[in-house]
Each structure stands twice: as structure tokens, then as C-alpha cells.
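>>> Quick check, what structure comes out for this input:
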Amino acid sequence: MKKNPIKDKSYSFALKSIDVYKNLQKKNEFILSKQFLRSATSIGANIEEGIQAQSKKDFIHKLSISQKEAFETHYWIRLLRDANYLDKQIAIELLIDCEELQKIITAILKTAKK
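So this is what the prediction gives:
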């Protein structure tokens, strides 16, 4: 089976996000962490759906949702960091991964829209 970097990176990011969510739960942070988990795992879920799209329009739609979720996730990471729920180093790593996903998804969308 052919490797798909965005699929692999988004899945890996989702796994890291689940670990962060579990740790936030141990700190009794339930509201922000749930929002973070939903958006972080939605990135890859929408990429998976986009890969199976029935048309180019459907593909662009799913990847656009994934892009929006990546930007939302970036917001939640910053908020959790600045509210001192998230360790600064973990936040930096997550932000770097999230920004990489944003850039790749943006590039894919630009190409798909041509």
C-alpha cells in the first residue's frame, strides 16, 4: 500500500493528542481538554474522509474542514498552555506538529483548487 504522509502525520498527531487529553483529565481539566481532543482528532478523520471522496468538490470540502479543525486545535493548544494546564515544552511540540499539518493541508487545497 502506498504511503500517504498527511494521513500518517494526522494520525500520529491524533495519538499524541489523546495522550495529552488523558493527562489533562488527570489534572481535572475537562472542558477545554474535550474541545482540544475533538478538534485534534477531527483533523485526521476529515483527511481520511477526503481521501475517499466521491468527487473533487467533496475532497476539497473535507480537506477544508480538516484545515479549519487544525486552526481550531492550534487555538486550544495555545489556550491550554497560557492557562497553565499544558506544559510549555509539550505545547511547543504540539504547535509545531499542528502548524506542519496546517501548511500541508493548505498546500493540498491550493493544488486541488487549480
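>>> This protein: helices as residue ranges?
5-26, 31-51, 56-82, 88-113 (DSSP state H).
>>> will you turn these into JSON lines that also has mean pLDDT?
What follows is the helices of the chain, written out as JSON lines (pLDDT from 0 to 100):
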{"stretch": "helix 5-26", "mean pLDDT": "96"}
{"stretch": "helix 31-51", "mean pLDDT": "97"}
{"stretch": "helix 56-82", "mean pLDDT": "97"}
{"stretch": "helix 88-113", "mean pLDDT": "97"}
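>>> want to throw those helices into CSV with mean neighbour count?
Every residue, glycine included, has its C-beta placed from N, CA and C. As requested, these are exported to CSV (neighbours: other Cβ atoms under 10 Å):
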stretch, mean neighbour count
helix 5-26, 16
helix 31-51, 19
helix 56-82, 18
helix 88-113, 15
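>>> OK, contacts around Ala53?
Ala53 makes contact with Phe59, His61, Lys62, according to Cβ atoms under 8 Å, 6 or more residues apart in numbering.
>>> Same check on Leu79?
Listed by Cβ under 8 Å, 6+ apart, the contact set of Leu79 reads Leu32.
>>> Now do the phi/psi pair for Asn84.
For Asn84, the backbone dihedrals (degrees, to the nearest 10) come out as phi 60, psi 30.
>>> Tell me how many other residues crowd it.
Neighbourhood size, Asn84 [other Cβ atoms under 10 Å]: 9.
>>> try Lys114
Neighbours around Lys114, by other Cβ under 10 Å: 5.
>>> Would you mind measuring from it to Lys56?
Lys114 sits 11 Å away from Lys56, going by Cβ to Cβ, to the nearest Å.
>>> Could you do Gln25 as well?
Distance, Gln25 to Lys56, by Cβ to Cβ: 40 Å.
>>> What pLDDT is listed against the closest residue in space to Glu29 that isn't next to it in sequence?
Once flanking residues are discounted, Glu29 sits nearest to Tyr85: 4.9 Å by Cβ to Cβ, 6 or more residues apart in numbering. Looking at Tyr85, its pLDDT is 96.
>>> Understood, closing this out.
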